[in-house]
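S.K.: please work out how this folds:
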Amino acid sequence: MSSNNDLESTIDSMMATKDSRREDWDALAFQTKAGPQYRRAQIRYMGSGGTGNHEADERIIQADNFTFSNMLLPPGAEGPEHTHHDVEEAFFVLEGELQVTIHDGDDSASRVLGYRDFIRVPADTARSLKNIGDSDALFIVMLGTGKPQIPTYPPTSPMAGITRD
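M.R.: This next block holds a predicted model:
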């Protein structure tokens, strides 16, 4: 039988508080090579998300089946067109106005999400994001695997040809 101390330690290992999180403006800093509008912050809770390998970040809870983070986009900031080939991605808006666009070559369709709005984007679907509001957009990002592949950027993306280094 486990002791209360074991349970205390176990529950602490499953928890991530707001105060223990930080805005990581460097996770996607390479994207600013395409323009300053691509500056945004990832706030990791569980898993690395699709921004790269952040497993050395001792504050995150290791992910088994999905990742969970927040993304912060200042007014006018964008997440460039990209594709996750291995996993669906979900967005849930906590603050602000977020325009989500799906792309198919030169064709696209957009929707505006606000407080408590949600969208699921299937794997192999190119998507982009833009904060169209006057204040920060803060939203939950979930990817449907514990270790997602790094997304790719189609030729129509402003990130096409830009490297992470």
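
S.K.: contacting residues for residue 57?
M.R.: Residues near residue 57 by C-beta atoms under 8 Å, 6 or more residues apart in numbering: 44, 48. (Glycine included, C-beta is placed from N, CA and C.)

S.K.: is it true that it lies in a helix?
M.R.: No. Counting by DSSP: H, G, I helix; E, B strand; the rest coil, residue 57 is not part of a helix but coil.

S.K.: per-residue pLDDT of the nearest residue to residue 103 once chain neighbours are set aside, please?
M.R.: In space, and not counting its chain neighbours, residue 103 is closest to residue 126: 4.0 Å by C-beta to C-beta, 6 or more residues apart in numbering. pLDDT for residue 126: 98.

S.K.: how much space between residue 126 and residue 160?
M.R.: Applying C-beta to C-beta, to the nearest Å, the value for residue 126 to residue 160 is 11 Å.

S.K.: likewise for residue 50?
M.R.: 17 Å.

S.K.: what about the helices in this protein?
M.R.: According to DSSP state H, the chain carries its helices in the segments 4-13.

S.K.: what sits opposite the most centrally placed residue in the chain in the beta ladder?
M.R.: Residue closest to the average C-alpha location in the chain (C-alpha atoms, centre = their mean): residue 141, at 4.5 Å. Counting by DSSP bridges, residue 141 is bridged to residue 69, residue 91.

S.K.: isn't it right up against residue 90?
M.R.: Yes. Counting by C-beta atoms under 8 Å, residue 141 touches residue 90, with 7.4 Å between them.

S.K.: the closest residue to residue 25 other than its chain neighbours: neighbour count?
M.R.: Nearest non-adjacent residue to residue 25, counting by C-beta to C-beta, 6+ apart: residue 41, 4.8 Å away. Residue 41 has 21 neighbouring residues, counting by other C-beta atoms under 10 Å.

S.K.: could you measure from residue 41 over to residue 130?
M.R.: From residue 41 to residue 130 the distance is 15 Å (C-beta to C-beta).

S.K.: show me the shaky parts of the protein.
M.R.: Low-confidence segments of the chain (pLDDT under 70): 1-2.
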